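Colleague: Provide a 3D model corresponding to the input given below.
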Amino acid sequence: MYLVRAVATGVIPKLSLLDLATVGRDQPISEALADTVTLAQRADDLGAFERLWFAEHHNMSSIASAATSVLIAHVASQTRRIRVGSGGVMLPNHSPLVIAEQFGTLAELHPGRIDLGLGRAPGTDGATLRALRTDPRAAEAFPQDVRELQGYLADESIVDGIHAYPGRGTRVPLYILGSSLFGAQLAAAYGLPYAFASHFAPDALEQAVRVYRERFTPSEQLQQPHVIAALNVIAADDSAEAAEARDRVLRARVRMLAGRVGSGGLDEEMVTALLDTNVGAQARHMLTHTVAGDAAEVAQGLADFAALSDADELMVTNPAPLLPQRIRTLEILAGLDDSGS
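Modeller: From the prediction side, this is the model:
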């Protein structure tokens, strides 16, 4: 098993990247999007990363990837090699036909470089769901919607007389995203790759991966199970710099969580006070799978996480607060001697 190999040799599996097009405090969105392109181009040039995914979130001022397919199109046009896709599109917010047309168009523009990761959660709150015109019960149809989408991207639709143009015949590879056993069971039943959101929802990681591997059924797309596990990585030239950046990431997470319950406009003293409350505990728990340190510490942390998660591929989020720190993280990751990328 890969788990034994990782423990024995410290092997790091294939590395990929998850980007939310993060918007810093008081940062213009246009600048944040330009930073996203800069990071994508650097990752592409380094050649050490398999794919770069963007996630659909709505009504969040710190995330600029809401129009996910639009951002994917732009980034794919500004890069040459790296696969670009969604991690993911929240399918209950959309019609399967529209997503097939969007990603079919992307696949025709960038052949062999587009991924379609699919999530069941709406990626937002109830009020925003109403603004999106989404039925709160839409998630119940997720398994059927995945099949319908799969049909549109294949040669024949499962809906009589309806085809996706573009989309038909592109067979854009699908990935099921999740943070619970539901996604693991669905990915296994459909024979699709499974990506676990352990970068912010760590609790069910090991159980979900085990269930997925035990129940996997081969499909046309995938003959063997493929697990992607996500974690946060902050790499720097020395441990102290990485630790400082990690602390700033924690404080930003506390600020975000507090903002959800109406505590906007927090100054640093207020954030410090919240670190010792339930909000601080929740933020720390969300960051359970976070590796921060110099190159050697990051390499060990990645190998340890690969062993824990039994993952075939690691999906790295790059949450350091400053663009030069995020670029340096990519460079250090690309230079790890044991990387399987």
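Colleague: And the helices in this protein?
Modeller: For the chain, applying DSSP state H gives helices covering 2-9, 29-46, 68-77, 96-109, 126-131, 142-153, 181-190, 205-215, 239-260, 268-274, 278-286, 295-309, 323-334.
Colleague: Does anything pack onto the last one? Which helices or strands?
Modeller: So the one you mean is helix 323-334. The contact analysis (3 or more C-beta pairs under 8 Å, 6 or more residues apart in numbering; DSSP states H and E) places helix 323-334 against helix 29-46, strand 49-54, strand 227-235, helix 295-309. For the C-beta atoms, the positions are set from N, CA and C on the backbone; glycine is no exception.
Colleague: Deepest in the core, which of the ones you listed is it.
Modeller: Of all the helices and strands packed on helix 323-334, strand 227-235 has the most neighbours on average by mean count of other C-beta atoms under 10 Å, namely a mean of 27.
Colleague: Relative to it, what are the paired strands and their orientations?
Modeller: With DSSP bridges as the test, strand 227-235 is paired with strand 194-196 (parallel), strand 290-293 (parallel), strand 313-317 (parallel).
Colleague: most packed of the ones you listed?
Modeller: strand 194-196 (a mean of 29).
Colleague: With respect to residue 17, which of the strands paired with strand 227-235 lies nearest?
Modeller: Residue 17 lies closest to strand 313-317 among the strands paired with strand 227-235, at 5.5 Å (C-beta to C-beta).
Colleague: got the angle for the closest one vs helix 29-46?
Modeller: Relative orientation of strand 313-317 versus helix 29-46 (axes from the mean of the first three to the mean of the last three C-alpha atoms, to 10 degrees): 150 degrees.
Colleague: what sits up against strand 313-317?
Modeller: Applying C-beta atoms under 8 Å, 6 or more residues apart in numbering, the contact partners of strand 313-317 are 12-20, 50, 53, 87, 195, 199, 226-233, 302, 305-306, 333.
Colleague: cutoff 6 Å now
Modeller: For strand 313-317, the external contacting residues (C-beta atoms under 6 Å, 6 or more residues apart in numbering) are 13-18, 199, 228, 230, 232-233.
Colleague: Stretch 118-132 too?
Modeller: Contact partners of stretch 118-132, identified using C-beta under 6 Å, 6+ apart, comprise 56-59, 88-93, 139, 142, 177.
Colleague: could you dump these to a markdown table with neighbour count, distance to residue 287 and pLDDT?
Modeller: Shown next, in a markdown table, are the contacts of stretch 118-132 (neighbours: other C-beta atoms under 10 Å; distance: C-beta to C-beta, whole Å; pLDDT from 0 to 100):
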| residue | neighbour count | distance to residue 287 | pLDDT |
| --- | --- | --- | --- |
| 56 | 26 | 22 | 95 |
| 57 | 19 | 18 | 90 |
| 58 | 18 | 23 | 90 |
| 59 | 14 | 23 | 89 |
| 88 | 27 | 21 | 92 |
| 89 | 25 | 25 | 96 |
| 90 | 25 | 23 | 95 |
| 91 | 26 | 27 | 95 |
| 92 | 23 | 27 | 93 |
| 93 | 21 | 27 | 93 |
| 139 | 18 | 26 | 88 |
| 142 | 20 | 28 | 96 |
| 177 | 27 | 19 | 98 |
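Colleague: any idea how far residue 99 lies from residue 114?
Modeller: As judged by C-beta to C-beta, to the nearest Å, residue 99 and residue 114 stand 12 Å apart.
Colleague: low-scoring stretches of the stretch 201-341 of the chain, by residue?
Modeller: Within the stretch 201-341 of the chain, the stretches with pLDDT under 70 are 260-265, 337-341.
Colleague: Lovely, talk soon.
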